[in-house]
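Student: Quick check, what structure comes out for this input:
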Amino acid sequence: MTKKLKFIFTNHLRERFVQRTNSRYDHLKICRDKECEECQKLKEEIKQKSIEEKREVDTQIIKRISKADENRSYVNNTGFMTWYYDKYGYDDKFQFLVHKNILFVVLIKRGRKIVVTCLDARTHLVGKATLQRKKYNKIPTKEEKQQSQLLEQIENEAQSQ
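Tutor: Predicted coordinates for the structure are as follows:
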């Protein structure tokens with residue numbers, strides 16, 4: 001017997017899910033120009049895709065949420081929670097579900113679970129702190145050594161010019 005998940009998905013969630021699970025939209029992560037034509041075009045494309053392919057997007061979200069584990073460490077991050085409490089109010093509870101690189105933010109309001117957005121779990125606050133924590137006794141891989149040598153070479157060339 002399979003358990004039935006009862007979540008309400010917001011349009012914002014669908015748009016962020018499309019954006020954050022498709023490398024085509026990586027430009028939006030790095031560009032900070034508010035008047036960038038590429039950004040405007042990509043945002044409109046995301047909005048259209050989330051509307052036109054709503055059923056497929058919802059199916060992908062359901063698959064990810066059903067495999068996700070709750071991560072309570074986000075609740076302990078004061079800055080992170082203050083932002084969400086200010087946005088949604090202090091009376092409601094939150095649940096944070098993580099599957100691979102996606103963090104789903106669930107607002108529990110009057111017994112209903114509303115998935116309001118999704119974030120990149122690797123780079124967002126708690127996930128970022130966990131990934132950036134120094135790992136002791138870690139032996140670098142061959143690729144890591146090559147990458148650090150390449151970066152060092154580039155830095156040396158830049159300094160010499």
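
Student: Torsion angles phi and psi at Lys100?
Tutor: phi 50, psi -110 (degrees, to the nearest 10).

Student: Number of residues surrounding it?
Tutor: Using other C-beta atoms under 10 Å, Lys100 has 11 neighbouring residues. For glycine as for every other residue, the C-beta is placed from the backbone atoms N, C-alpha and C.

Student: Can you name the residues that contact it?
Tutor: Applying C-beta atoms under 8 Å, 6 or more residues apart in numbering to Lys100 gives the contacts Arg64, Ala121.

Student: Just the helices from the chain, written as ranges.
Tutor: Using DSSP state H, the helices found in the chain span residues 11-20, 27-30, 37-52, 54-67, 78-88, 126-132, 142-160.

Student: Going by neighbour count, which residues in the second one are buried?
Tutor: Of the residues in helix 27-30, none are scored as buried under the neighbour-count criterion (16 or more other C-beta atoms under 10 Å).

Student: C-alpha coordinates for that helix, PDB please?
Tutor: Presented in PDB, the C-alpha positions along helix 27-30 are these (Å, rounded to 0.1, in the frame of the first residue of the first chain):
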ATOM      1  CA  HIS A  27      22.100  32.400 -16.400                       C
ATOM      2  CA  LEU A  28      19.600  33.500 -13.800                       C
ATOM      3  CA  LYS A  29      21.800  32.300 -11.000                       C
ATOM      4  CA  ILE A  30      24.800  34.500 -12.000                       C
END
